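> make a model of this:
(one chain, ligands or ions: 1)
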Amino acid sequence: KTVCVTGASGFIASWLVKLLLERGYTVKATVRDPSDAKKTDHLTSLDGAKERLHLFKANLLEEGAFDAVVDGCEGVFHTASPFYHGIKDPQAEMIDPALKGTLNVLGSVAKTSSVRRVVLTSSVAAVAFNGKPRTPEVVVDETWWSNPDFCRESQLWYVLSKTLAEDAAWKFVKDKTFDMVTINPAMVIGSLLQPTLNTSCAAILQLLNGAETYPNATFGWVNVKDVALAHILAFENPSANGRYLMVESVAHYSEIVKILRELYPTMKLPEKCADDKPFPPKYQVNIEKAKQLGVVFTPLSESIKETAESLKEKNFY
Ligand code: NDP
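Prediction:
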């Protein structure tokens, strides 16, 4: 079976490509610059890559760039989307690639009859940011949607980009011959296959780098291998449908530091919070759908250990 993975050099997508090759798939993988060894060496050296991995050059903003890649594929995993801090022009850097890029990929899919299903890597960003309180009694589930106005007012540009992209994707696929399933993960951590640092693993690295303080933030966390596998299960299971929230634990940074301290008692870790405001409360997330799909969630402490060990091995600290 042949499938396509967009943004194949990324943190999540690299694991997705690895697991797809292990399962015997032929993978047509897009990257922005196939000649950049930092983006492709870790992919071309995967088991099965020589025989079944094909790299294509494609930019999200180039109309029709995905036509030739998705043609002949039974499934398309659309993971490519910018995720980094410090953007200067939210529209050009984040919203256009996410929103126009998703419609561009779906437009290419609509031109071929080979594709049965698109699995879109969306995010908790498209689910949980609507101004509704998130407190310990509240259960976030797949019926929640982030609110674009709330995102704009709060200048949450990445969150806005994922919300607009997923919403537009559902509208686009409504009357099409292929269907779509979305995977909506929280902060994804775990071992890195790629040699470069991605944004969500950087959230753990900042605690390992000798910093004095930890951020005053509460996030959901999930392991990259579980997220990659969920994409494949969502493609393989004909009855998979709608959105799949992927959150193993909701935890404040203070708890991440506590776990790191238990794992590495002699390491210098941040002692105090970056501010003296109350900690943002924890909340519940309903992950029954993902469990029913067959995902067995890796415990947070194991994911943190895998992240720390991988970052160490790659000399990030
Ligand atoms: P990475 O930054 O590791 O990967 C992002 C990928 O998107 C890269 O391969 C990048 O390509 C590609 N990309 C960005 N802009 C463009 C463009 N204009 N044209 C083509 N490709 C582009 O991030 P992650 O693996 O973390 O994220 C992958 C997906 O998962 C994204 O959709 C993200 O929103 C989503 N997600 C991530 C979470 C996380 O915590 N990591 C949580 C929830 C969702 P290049 O290599 O060329 O730069």
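
> what about the strands in the stretch 1-150 of the chain?
All strands of the stretch 1-150 of the chain, identified by DSSP state E, counting those that start in this stretch, fall at 2-6, 26-31, 53-57, 75-78, 117-121, 139-140.

> on contacts alone, who are the packing partners of the helix or strand following the fourth one?
Proceeding C-terminally, strand 75-78 gives way to helix 90 as the next helix or strand, assigned by DSSP states H and E. Helix 90 sits against helix 157-173, with contacts defined as 3 or more CB pairs under 8 Å, 6 or more residues apart in numbering; DSSP states H and E. (C-beta placed from N, C-alpha, C; glycine too.)

> list the contacts for the residue lying closest to Asn237 once chain neighbours are set aside?
When the adjacent residues along the chain are set aside, Asn237 lies closest to Leu293, with 6.4 Å between them (CB to CB, 6 or more residues apart in numbering). Residues near Leu293 by CB atoms under 8 Å, 6 or more residues apart in numbering: 230, 233-234, 237, 240, 244.

> of those residues, which is the most crowded?
Greatest neighbour count in these, by other CB atoms under 10 Å, goes to Ala230: 28 neighbours.

> dump the residue contacts of that residue.
183, 185, 244, 246, 290, 293, 295.

> out of the residues you listed, which is nearest to the ligand?
The nearest member of the contacts of Ala230 to the ligand, counting by CB to the nearest ligand atom, is Pro185 at 4.2 Å.

> surely Gly210 is in a strand?
No - counting by DSSP: H, G, I helix; E, B strand; the rest coil, Gly210 falls outside a strand, being coil.

> correct me, but it touches Lys268?
Yes - using CB atoms under 8 Å, Gly210 makes contact with Lys268 at a distance of 5.6 Å.

> may I see the buried residues of stretch 186-199?
Buried residues in stretch 186-199, counted by 16 or more other CB atoms under 10 Å: 186-194, 198.

> follow-up on the earlier one: pick the most buried one from the strands of the stretch 1-150 of the chain.
With neighbours taken as mean count of other CB atoms under 10 Å, the strands of the stretch 1-150 of the chain reach their highest mean count in strand 75-78, at a mean of 28.

> the residue lying closest to Glu262 once chain neighbours are set aside: neighbour count?
Distances taken as CB to CB, 6+ apart place Ser301 nearest to Glu262, at 7.6 Å, with adjacent residues excluded. When neighbours are counted by other CB under 10 Å, Ser301 registers 16.

> same for the strand or helix carrying Ser301, what does it pack against?
Element membership of Ser301, judged by DSSP H and E, is helix 300-313. Using 3+ CB pairs under 8 Å, 6+ apart, the elements in contact with helix 300-313 are strand 187-189, helix 199-208, strand 218-223, helix 253-263.
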